[in-house]
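Trainee: Just the structure for this:
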Amino acid sequence: MTRINWGIVSTGRIAALFCQDLVFSANSHLYAVAARQQTDADAFAKQYGAEKAYQGYQALFDDPDVDIVYVATPHNFHFRQAYDALMAGKHVLCEKPMTVSVEECNILVTLAKDKGLLLMEALWTYFLPAIKQAKKWLDEGRIGQLKQVKVDFGYPIPFTPDGREYNPQLAGGCLLDMGIYPLAIADYFIKADIDNLYVQAHVCETGVEDDVIIIGKSGDIAVSLASSFQCRLSNNAYLIGDKGYIVIPDAFRASECSLYHVDELVDSFIDSRASLGYHFEADEACRLIEQGDLESRVVTHQHSLLFQSQLARIKALI
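Mentor: You can find the predicted model right below:
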């Protein structure tokens, strides 16, 4: 078994959750962490057991023992840090959304291919057992022909003008922060783009959206998506067919799903994992590196480019 040394860029909440789960990934080793301040890097390394702690990200990129970099900084920094990591010869797992424009995403994809390195967007939801089970039911025809997909994701986040979520200089707004989940979950099941878009949004005083509803069509499938900083939404996904429907509670971190025919519960699945679930995407990255693959078949470069295109089209309608 090949040990893969991870270098973590950021000491924020998502980086902490990811590192908490790395112990469940057999091939993964938390090797190094980097932060803007040495004290933050030192504290994070001590808490999660990293061997090295660096002040400044380039120092981590330059460490020859780092195999893959996990980028978990605010959205608008993803491009620069992923670019620098790739230039330093490191594989990259980058938090979603991987960039804030189609152009940036194209540059990273091209660079990764030129360098012969793995580049993967960190769509951990795609690897969760409950999501995979729901897809299996759908593919087996257990709800018949798919007619509607409904997904939302929202949590109330108090308004602070300088906070990351509401700061336009930090790519703030609920669409990039939370809306990427409904878009990605819908695509996982539909496997096609969404058009005929209608968008209803509320823009707060800093100029970023804090509540968004998206309605569209994908062929004959009606799509309804939402994200919000104003309120806690259901955070469920519904796959509705002409013979039944599937509900996935808290779909972004799914641990269960249920299958109904009209009002009758006919099947259910509960994931008994001990982890939060981030280790599944780490396992995928390690497997790809070990096999010499440069792209995941689950989260492809085309997925990342499609999401950027969709986000841009929705932004234009806000």
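Trainee: Confirm Phe269 sits in a strand?
Mentor: Yes: Phe269 sits within a strand when classified using DSSP: H, G, I helix; E, B strand; the rest coil.
Trainee: Around the closest residue to it other than its chain neighbours, how many other residues sit close by?
Mentor: With Cβ to Cβ, 6 or more residues apart in numbering as the criterion, Phe269 has its nearest non-adjacent residue at 4.4 Å, and that residue is Gln133. Glycine gets a C-beta too; all of them are placed from N, C-alpha and C. Neighbour count for Gln133, taken as other Cβ atoms under 10 Å: 21.
Trainee: Please apply the same query to Lys46.
Mentor: 10.
Trainee: where does it fall, phi/psi-wise?
Mentor: Lys46 adopts backbone torsions of phi -70, psi -40, taken as degrees, to the nearest 10.
Trainee: Enumerate every residue touching it.
Mentor: Applying Cβ atoms under 8 Å, 6 or more residues apart in numbering, we find Lys46 in contact with no residue.
Trainee: Return the distance of it relative to Leu30.
Mentor: 12 Å (Cβ to Cβ, to the nearest Å).
Trainee: same check, this time on Tyr278
Mentor: Distance from Tyr278 to Leu30, by Cβ to Cβ: 12 Å.
Trainee: Disregarding flanking residues, what is the spatial nearest neighbour of the spatially most central residue of the chain?
Mentor: Geometric centre of the chain, nearest residue: Leu123, 3.2 Å, by Cα atoms, centre = their mean. Closest residue to Leu123 apart from its sequence neighbours, by Cβ to Cβ, 6+ apart: Val299 at 4.8 Å.
Trainee: returning to that earlier point: pretty sure the residue nearest to Phe269 is in contact with Ser255, am I right?
Mentor: No: in terms of Cβ atoms under 8 Å, Gln133 does not count as a neighbour of Ser255; the distance is 10.8 Å.
Trainee: re earlier: give the helix, strand or coil label for the residue nearest to Leu123.
Mentor: coil.
Trainee: can I assume it is in contact with Met120?
Mentor: Yes: using Cβ under 8 Å, Val299 is in contact with Met120, at 5.6 Å.
Trainee: ok, now which ones touch Gln148?
Mentor: 221-224, 238-240.
Trainee: re the thing from before, could you confirm the residue nearest to Phe269 falls within a strand?
Mentor: No: per three-state DSSP, Gln133 lies outside any strand segment and is helix.
Trainee: Shouldn't His78 be within a helix?
Mentor: Yes: under three-state DSSP, His78 falls within a helix.
Trainee: I'd say it and Ser101 touch.
Mentor: No: His78 is not in contact with Ser101 according to Cβ under 8 Å; the separation is 10.8 Å.
Trainee: Looking at those two, which one has more neighbours?
Mentor: His78 (26 against 16).
Trainee: contacting residues for the more buried one?
Mentor: 71, 94-95, 97-100.
Trainee: re earlier: mind pulling up the pLDDT for the residue nearest to Leu123?
Mentor: The model reports Val299 with a pLDDT of 98.
Trainee: cool, and the one 3 residues further on?
Mentor: Gln302 is assigned 97 on the pLDDT scale.
Trainee: where's it, which helix or strand?
Mentor: With elements taken from DSSP states H and E, the one containing Gln302 is helix 301-317.
Trainee: What helices and strands are in contact with that helix?
Mentor: helix 102-115, strand 119-121, helix 180-190, strand 195-203 (3 or more Cβ pairs under 8 Å, 6 or more residues apart in numbering; DSSP states H and E).
Trainee: Where does pLDDT dip in the stretch 151-300 of the chain?
Mentor: Along the stretch 151-300 of the chain, the model assigns pLDDT under 70 to no residue.
Trainee: how about the strands in it?
Mentor: Assigned by DSSP state E, counting those that start in this stretch, the strands in the stretch 151-300 of the chain fall at 195-203, 209-218, 221-228, 237-241, 245-248, 256-261, 264-270.
Trainee: now the angle between strand 209-218 and the first one, please.
Mentor: Orientation check (axes from the mean of the first three to the mean of the last three Cα atoms, to 10 degrees): strand 195-203 against strand 209-218 gives 170 degrees.
Trainee: With distance to Cys105 added, can I get the strands of the stretch 151-300 of the chain in CSV?
Mentor: Converted to CSV, those look like this (distance: least, Cβ to Cβ, whole Å):
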stretch, distance to Cys105
strand 195-203, 20
strand 209-218, 20
strand 221-228, 20
strand 237-241, 25
strand 245-248, 27
strand 256-261, 30
strand 264-270, 33
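Trainee: Next, format those strands as TSV and append distance to Val23 and mean neighbour count.
Mentor: Listed next are the strands of the stretch 151-300 of the chain as TSV, based on distance: least, Cβ to Cβ, whole Å; neighbours: other Cβ atoms under 10 Å:
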stretch	distance to Val23	mean neighbour count
strand 195-203	40	14
strand 209-218	36	20
strand 221-228	31	22
strand 237-241	28	22
strand 245-248	26	22
strand 256-261	23	19
strand 264-270	23	13
